[in-house]
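In: Sequence below, structure please.
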Amino acid sequence: MIDQTLQAFEKFQGDLVNAFLETGDMMLTAMILALTGGLILGFFLFLTRPDGIRQNRLVYFLLSGGINIIRSVPFILFIIVIIPLNRMLIGTGFGVNASKVPLSLIGIATFARFTEQDLLDVGKSTYETSYALGANTLQYFRYFLLKEARSSLVLSFTSTTISLLSYSTVMGIIGGGGLGYLAISEGYHNFNYELMWIIIIAMILMVHLVQTTGNWIAKHYDKR
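Out: Residues are numbered from 1 along each chain as shown. Have a look, this model is predicted:
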């Protein structure tokens, strides 16, 4: 069994490296957009919710509704539905770059919802303190809210990253490649089960590394 696994690794070493780079390319873009877009969107959800400090039912309904729609559509169908948007944004509906669009959208929607909940968990006394010190809304968010919620936000972003890694495995449906596509196309369909298990173990290690790193960073920033 071990000999067969080593032989499979040697045979598909080039394909594994290429698939790993494709997954990393998709993940990096999606993670950056999810972090920035999700954080901003989550903050607006927090502000405009019915009991928020800048409550606006219409804005909250539109933002929350859009997030719910993105998250409720099965991702494999979402990839197909979003192909016209891929063509409009980057000129093609297929390939690694096209895969970044649906992956980024689901990442933004997921992290935005996490961010809203994390900010809600911060005590209301934080706002009262910032108001007493004369902070405006942006200062309240930057200097008070983010500092209080940063440990929870790190853990939420860690969970979002792990979800994105899982979502990236089905990007082969639009030619996105990556580790998941290699495991299915060359591993499962061509009966190279050793290759399939190599990729599964690699994915498990990657998830473990991401979670461990996230836990360490969150613990570092947790000043409670």
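
In: Thr29 reaches Pro102, doesn't it?
Out: No: counting by Cβ atoms under 8 Å, Pro102 is not a contact partner of Thr29; they are 11.6 Å apart. Every C-beta, even on glycine, is put in place using the N, C-alpha and C of the backbone.

In: Can you pick out the residue with more neighbours from the two?
Out: Taking other Cβ atoms under 10 Å, Thr29 and Pro102 do not tie; Pro102 has more neighbours (27 against 18).

In: any idea which helix or strand carries the more buried one?
Out: Secondary-structure element containing Pro102, defined by DSSP states H and E: helix 96-120.

In: okay, the angle between the following helix or strand past that helix and helix 96-120?
Out: Counting by DSSP H and E, the next helix or strand C-terminal to helix 96-120 is helix 125-132. In terms of direction (axes from the mean of the first three to the mean of the last three Cα atoms, to 10 degrees), helix 125-132 departs from helix 96-120 by 80 degrees.

In: Now the helix ranked longest in the chain: buried residues?
Out: If you go by DSSP state H, the chain has its longest helix at helix 13-48. By 16 or more other Cβ atoms under 10 Å, the buried positions in helix 13-48 come out as 16, 19-20, 22-23, 25-27, 29-31, 33-35, 37-39, 41-48.

In: May I have the phi/psi pair for Asn192?
Out: Note on Asn192: backbone dihedrals following degrees, to the nearest 10 are phi -90, psi 70.

In: Give me the pLDDT for it.
Out: On pLDDT, Asn192 comes in at 80.

In: which residue sits closest to it, ignoring its sequence neighbours?
Out: Glu186 (5.6 Å; Cβ to Cβ, 6 or more residues apart in numbering).

In: distance of that neighbour from Gly37?
Out: Distance, Glu186 to Gly37, using Cβ to Cβ, to the nearest Å: 34 Å.

In: for Gly123, same thing?
Out: For Gly123 relative to Gly37 (Cβ to Cβ), the value is 26 Å.

In: what's the answer for Gly187, then?
Out: Per Cβ to Cβ, Gly187 is found 33 Å from Gly37.

In: just Leu164 next, same as before
Out: Between Leu164 and Gly37 the computed distance is 13 Å (Cβ to Cβ).
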